[in-house]
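> one predicted model, sequence on top.
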Amino acid sequence: MSYLDDPRVFLATERTLLAWIRTEISILAIALLMKKFGIGEAVTHQGQLTSIIFILCIITVILSILSFIQTWISISKLSDQEIPGPLAKPIVLLAGLVSIIISVGATYIFMSF
């Protein structure tokens with residue numbers, strides 16, 4: 001990825017993953033608000049609102065998976081000197097997996113109530 005042997009490259013990858021996770025949480029929050037408070041029911045029928053929420057949740061799951069894959073690829077290209085510590089790589093990848101699990105779980109919960 002880089003030839004700097006600099007931990008800032010790893011930290012930039014980590015910030016990118018966290019930005020994607022923040023975006024996914026925002027999308028899920030919008031879906032929750034729409035589902036819980038019925039935002040948009042005055043404009044659309046109930047079936048259309050559920051479809052919109054489902055599409056938002058599916059987009060979030062796809063974003064979670066893509067951001068995890070992107071992070072995995074980026075981190076695997078780094079040398080040992082670029083990774084700041086022995087636990088840095090597993091923790092970042094665990095955060096990506098948790099993001100995927102939360103997205104899938106939220107999709108299931110939103111569609112069940």
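Perfect, I can see it now. Residues are numbered from 1 along each chain as shown.
> so, low pLDDT: which residues of this structure?
Scanning the chain for pLDDT under 70 picks out 1-4, 38-47, 113.
> need the helices for it, in chain order.
7-37, 46-76, 88-112 (DSSP state H).
> closest to residue 82 out of those?
helix 7-37 (5.1 Å; CB to CB). (Each C-beta comes from the backbone N, C-alpha and C, glycine too.)
> give me the buried positions along the closest one.
Buried positions in helix 7-37, judged by neighbour count with 16 or more other CB atoms under 10 Å: 9-10, 13-14, 17-18, 20-21, 24, 27-28, 31-32, 34-35.
> what of stretch 73-88?
74-75, 78, 82-83, 88.
> what does stretch 105-113 give?
106-107, 110.
> now do the same contact list for residue 31.
By CB atoms under 8 Å, 6 or more residues apart in numbering, the contact set of residue 31 is 53, 56-57, 60, 106, 110.
> residue 7 versus that one, what's the distance?
36 Å (CB to CB, to the nearest Å).
> next: residue 79.
Relative to residue 7, and taking CB to CB, residue 79 is found at 10 Å.
> how about residue 17?
15 Å.
> coming back round to it: for residue 99, state which of the buried residues of helix 7-37 is nearest.
In terms of CB to CB, no member of the buried residues of helix 7-37 lies closer to residue 99 than residue 21, at 4.8 Å.
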